[in-house]
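Q: Everything below, folded, please.
(one chain, ligands or ions: 1)
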Amino acid sequence: SQSIPSLKDAFKRDFGIGTCLNNAQIEERDPKMTEFIVRQFNMATPENVMKAGPIHPKWDTYNFEMADKLVAFGKKHNIKINGHTLVWHSQLPPFIRGIKSSDSIRTFFTEHVKTVAGRYKGKVFSWDVVNEALNEDGTMRKSVFLQHLGDNFVTEAFRLAQQADPKAELYYNDYNNEQPAKRAGCIALIKKIKDAGVRIDGVGIQGHWHVGKVPFKDIEESILQYAALGLKVMFTELDIEVLPRNFQGADVNQRMVNNEQSNPYVNGLPDNVQQQLAADYEALFKLFLKHKDKVTRVTFWGVNDGDSWLNNWPIRGRTSYPLLFDRNNQPKPAFEKVIALK
Ligand code: XIL
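A: A predicted model of the protein is given here:
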């Protein structure tokens, strides 16, 4: 892997280069993988281990084992950790469903943010304080938090996080928040936080896009508009799906069925799609470089194609190719295009 150029080195004067990390990578089960990660990336986000479900499995029980290992990994290898995520409607612990009173939801919310952010005080670089609080039309998502705490919960989460870890950078993170309607909602949310005198340092645009359909215009407009609010702009979960989103057929339980239509590239990615993917990544990184004074980090949602959650979403058993490195950590044409920009 020494002969493969390093992304983090290539872009070191421009922005941080991150990846999400899964359990095997955090535990360094494969030394070659560790070496590869350390060479390519200077920032990391836990793919799952800091989410409420894994880290707070029971009302009064936390499980910090893997998150602690992640923080140790970052320290050992000089990789900055972005905590992900304190408040999110998804991947919550199962006991939440049994809670009926708003007071108890408030207690959970407050204690959770204080405890998790407090444990990693001074040890993580930043937090995705709130994740995915918005609907596509820019209104607030009807989550357990909105229902029980009202729409101030976002500001409250930032206030709590700031108290628990005053030096960590604090971000709002979402998908499709480069789209005009959702972006407007996101800007309103950010202004609301600021108007309350609470600190927010940046906004994360997840960047789960689709090959040939990357919304470059909206992305550029979003970089400008978010930066105009004084925020750092990050691309936090970048991948470009190559598989079709539309499925024919469901099984008797109305679950989508993995069939040839949903998994067309089991034997490899056709050359035309490979080239389109490379062109999309090239254009994206050109845009990031154009706005490198505003874009502070680009994080991929996976080290290589084999790690990607898109092999299992929205149904299991798909074969996807959304990243810069193939299943053997070899550079794809998209990597060559991106690195050639430097
Ligand atoms: C995904 C993980 O990659 C999967 O392993 C997990 O099963 C589901 O969550 N938006 C987010 C991420 O903010 O936390 C999600 O990660 C992908 C969508």
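Q: Up against the ligand, what does the stretch 1-150 of the chain have?
A: Contact residues, the stretch 1-150 of the chain versus the ligand (Cβ under 6 Å from any ligand atom): 47, 48, 131. No exception for glycine: its C-beta is placed from N, CA and C like everyone else's.
Q: For those, give me a markdown table that also has neighbour count.
A: A markdown table is the format used below for those (neighbours: other Cβ atoms under 10 Å):
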| residue | neighbour count |
| --- | --- |
| 47 | 21 |
| 48 | 16 |
| 131 | 23 |
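Q: now the helices for this structure?
A: For the chain, helices defined by DSSP state H occupy the ranges 7-10, 23-26, 31-40, 52-55, 65-77, 102-119, 144-149, 153-164, 180-195, 216-228, 271-290, 333-339.
Q: Switch these over to JSON lines; also include mean neighbour count and distance to residue 319.
A: Listed next are the helices of the chain as JSON lines, based on neighbours: other Cβ atoms under 10 Å; distance: least, Cβ to Cβ, whole Å:
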{"stretch": "helix 7-10", "mean neighbour count": "18", "distance to residue 319": "24"}
{"stretch": "helix 23-26", "mean neighbour count": "18", "distance to residue 319": "19"}
{"stretch": "helix 31-40", "mean neighbour count": "16", "distance to residue 319": "20"}
{"stretch": "helix 52-55", "mean neighbour count": "20", "distance to residue 319": "26"}
{"stretch": "helix 65-77", "mean neighbour count": "18", "distance to residue 319": "27"}
{"stretch": "helix 102-119", "mean neighbour count": "17", "distance to residue 319": "35"}
{"stretch": "helix 144-149", "mean neighbour count": "18", "distance to residue 319": "35"}
{"stretch": "helix 153-164", "mean neighbour count": "22", "distance to residue 319": "37"}
{"stretch": "helix 180-195", "mean neighbour count": "18", "distance to residue 319": "30"}
{"stretch": "helix 216-228", "mean neighbour count": "17", "distance to residue 319": "27"}
{"stretch": "helix 271-290", "mean neighbour count": "17", "distance to residue 319": "13"}
{"stretch": "helix 333-339", "mean neighbour count": "20", "distance to residue 319": "17"}
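Q: thinking again about what came up before, for the residues of the stretch 1-150 of the chain next to the ligand, give me TSV that also has pLDDT and distance to residue 142.
A: As requested, these are exported to TSV (pLDDT from 0 to 100; distance: Cβ to Cβ, whole Å):
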residue	pLDDT	distance to residue 142
47	98	26
48	98	24
131	98	15
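Q: Show me these that map onto strands.
A: residue 131 (DSSP state E).
Q: Could I get the contacting residues of the residue in the stretch 51-200 of the chain that the ligand sits nearest to?
A: Here the residue of the stretch 51-200 of the chain nearest the ligand is residue 131; by Cβ to the nearest ligand atom that distance is 5.1 Å. Taking Cβ atoms under 8 Å, 6 or more residues apart in numbering as the criterion, residue 131 is in contact with 84, 85, 87, 88, 173, 174.
Q: ok, now how distant is whichever residue of the chain sits closest to the ligand from residue 17?
A: Residue nearest to the ligand within the chain (Cβ to the nearest ligand atom): residue 309, separated by 3.3 Å. Distance from residue 309 to residue 17, counting by Cβ to Cβ, to the nearest Å: 19 Å.
Q: Neighbour count for these two, which is higher?
A: For residue 309 and residue 17, the more surrounded residue by other Cβ atoms under 10 Å is residue 17, and the numbers stand at 20 against 17.
Q: List the contacts of that one.
A: Contacts for residue 17 (Cβ under 8 Å, 6+ apart) come out as 7, 8, 11, 40, 41, 42, 43, 297, 298, 299.
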